[in-house]
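J.: Pasting the sequence and the predicted coordinates here, then a few questions.
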Amino acid sequence: MIPDRPPIRPPARPTRRSLLAAALAPWLTAAPNRTLAAGATAAPNPALAAGTTAAPNRVLAGGATAAQVWVTLQEEGAVERIDVAAGRVLERVAVGSKPVGAALTPDGSCLYVGRPEAGEVVAIETATGLPSRRIATGGTPFGLLLSGDGGALHVTDWSGNAVRRYRCADGAPTGAVAVGRAPAFMAFDRARGRIFVAAREADRIDVIDGAGMVLLASLAVGKAPFAITFDDRSDRLYVAEVQAGSVSVIDAGRLERTAVLPVGPLPYGIALLPDPDRIAVVSQRGGAIDLVPVTATAAPAARIRIGRYPEGIAATAAGLVAANWFDDCLSVVDPASGREIARIATGRGPRVVIPI
């Protein structure tokens, strides 16, 4: 059993994932930049949740009708665009070593990709599939979040304990605010203009005013908060607490922790479902997706086995899509039936999934 790992690889010491990749290197081939990955095939039963429809409020596929996702490939130094319904890689774009976080503009025209070990964010024009700008952030850019209008990019600096804001038009810095130790991912409350930040090593959630870039409040949560998701339908914030094996539920209006939901070991990702009374949580050590009831009237909990050491997860019109970090593939899950219905091969080290 592999213990909880830091989400950023120490430069001087290889991770278990890199050692595994090195051992398998003779059998792994990378698709050329922006070519179709010939080895990407759908697993048996590729019919993906025909009855699944997109819910309102950007719950599925970011409000889009197409079932496509972008995936960061940490060991490949690239991102891939994948057609989930067809079960194949459409293109690969090289960005440089060790990308992790990513964010897509509301109109889908630009994908921002963070490179923590390089201290930069790469902007990719999706129409051409080419990097158009590199923003030198310094520090360790990890989680990325765009403003509601797509004009500003917020970036967590894991090592600098800060959230930094950049103007998307030219990459110029426009603000920064100090937060708790090791800020990971963020969520956005559009109605209130608030940004929620999971400060992993501080065991807290920080609340930032997005316009003024000031810290409004901090809330204590469980051990090692990492992934964070806001549901505007219920006004609830969900926080995955990696070392506690739980998800905290926070009333976003009152900024109060209202419940703690037990989940599988090492919860590293959360996705919303069409049913606002249930959420999907990735259990990395369990190699599973947990469908977790949030209210007493919700459907009972279910556990769906997927690949090894999954992390990122997103909901799309074709089903839930989870990145299996150690298996170099995506799992596609139908939440209605509770079944894994396909696997899609990717490049090495898939980590974060961004619905298009």
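T.: Looks like it arrived, so ask away.

J.: Only C-alpha atoms from now on, for both contacts and neighbour counts.
T.: Noted.

J.: Ends of stretch 313-329, what's the gap?
T.: By C-alpha to C-alpha, to the nearest Å, the extent of stretch 313-329 from end to end equals 12 Å.

J.: what's the spacing between that stretch and its chain's center?
T.: 10 Å (C-alpha atoms, centre = their mean, to the nearest Å).

J.: For it, buried residues please.
T.: 313-329 (16 or more other C-alpha atoms under 10 Å).

J.: Roughly how far does the spatially closest residue to residue 194 that is not a sequence neighbour sit from residue 153?
T.: Here the nearest residue to residue 194 in space, its sequence neighbours aside, is residue 209; by C-alpha to C-alpha, 6 or more residues apart in numbering that works out to 4.9 Å. Between residue 209 and residue 153 the distance is 14 Å, computed by C-alpha to C-alpha.

J.: On the pLDDT front, check the spatially closest residue to residue 208 that is not a sequence neighbour for me.
T.: Of all residues not flanking residue 208 in the chain, residue 215 sits nearest, at 4.6 Å (C-alpha to C-alpha, 6+ apart). Listed pLDDT for residue 215 reads 99.

J.: what about residue 215, helix or strand, and which?
T.: strand 214-220 (DSSP states H and E).

J.: Now do that strand: which elements does it pack against?
T.: On a contact count with 3 or more C-alpha pairs under 8 Å, 6 or more residues apart in numbering; DSSP states H and E, strand 214-220 meets strand 173-178, strand 204-209.

J.: What helices and strands are in contact with the helix or strand following that strand?
T.: Later in the chain than strand 214-220, the nearest helix or strand by DSSP H and E is strand 225-231. Using 3+ C-alpha pairs under 8 Å, 6+ apart, the elements in contact with strand 225-231 are strand 183-189, strand 194-199, strand 236-241, strand 267-272.

J.: In JSON lines: those strands, plus mean pLDDT.
T.: Output for the helices and strands packed on strand 225-231, formatted as JSON lines (pLDDT from 0 to 100):
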{"stretch": "strand 183-189", "mean pLDDT": "99"}
{"stretch": "strand 194-199", "mean pLDDT": "99"}
{"stretch": "strand 236-241", "mean pLDDT": "99"}
{"stretch": "strand 267-272", "mean pLDDT": "98"}
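
J.: Looking at those strands, spot the one closest to residue 335.
T.: Smallest distance to residue 335 across the helices and strands packed on strand 225-231 (C-alpha to C-alpha): 10.8 Å, for strand 267-272.

J.: residues in contact with residue 245?
T.: Contact analysis of residue 245 by C-alpha atoms under 8 Å, 6 or more residues apart in numbering lists 262-267.

J.: Verify the assumption that residue 342 is located in a helix.
T.: No: Residue 342 is assigned strand when assessed by DSSP: H, G, I helix; E, B strand; the rest coil, not a helix.

J.: Can you verify my assumption that it contacts residue 333?
T.: Yes: between residue 342 and residue 333 there is a contact at 7.2 Å, judged by C-alpha atoms under 8 Å.

J.: Quickly compare the helices and strands packed on strand 214-220 and say which is most buried.
T.: Mean neighbours per residue, mean count of other C-alpha atoms under 10 Å, is largest over the helices and strands packed on strand 214-220 for strand 204-209, with a mean of 23.

J.: what's the average pLDDT for that one?
T.: Mean pLDDT, strand 204-209: 99.

J.: helices or strands next to that strand in the packing?
T.: So strand 204-209, by 3+ C-alpha pairs under 8 Å, 6+ apart, packs with strand 194-199, strand 214-220.

J.: circling back: would you list the helices and strands packed on strand 225-231 in JSON lines and tack on distance to residue 303?
T.: Formatted as JSON lines, the helices and strands packed on strand 225-231 follow (distance: least, C-alpha to C-alpha, whole Å):
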{"stretch": "strand 183-189", "distance to residue 303": "24"}
{"stretch": "strand 194-199", "distance to residue 303": "25"}
{"stretch": "strand 236-241", "distance to residue 303": "16"}
{"stretch": "strand 267-272", "distance to residue 303": "13"}
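
J.: Make CSV out of those strands and add mean neighbour count.
T.: Below are those laid out as CSV (neighbours: other C-alpha atoms under 10 Å):
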stretch, mean neighbour count
strand 183-189, 26
strand 194-199, 27
strand 236-241, 28
strand 267-272, 28
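
J.: Out of the ones you listed, flag the one nearest residue 99.
T.: The nearest among these, by C-alpha to C-alpha, is strand 183-189 at 14.0 Å.

J.: Which residues does that closest one contact?
T.: 142-145, 147, 156-158, 161-163, 194-201, 226-230, 232.

J.: Let's have the helices and strands packed on strand 204-209 in a markdown table, adding distance to residue 286.
T.: Converted to a markdown table, the helices and strands packed on strand 204-209 look like this (distance: least, C-alpha to C-alpha, whole Å):
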| stretch | distance to residue 286 |
| --- | --- |
| strand 194-199 | 22 |
| strand 214-220 | 26 |
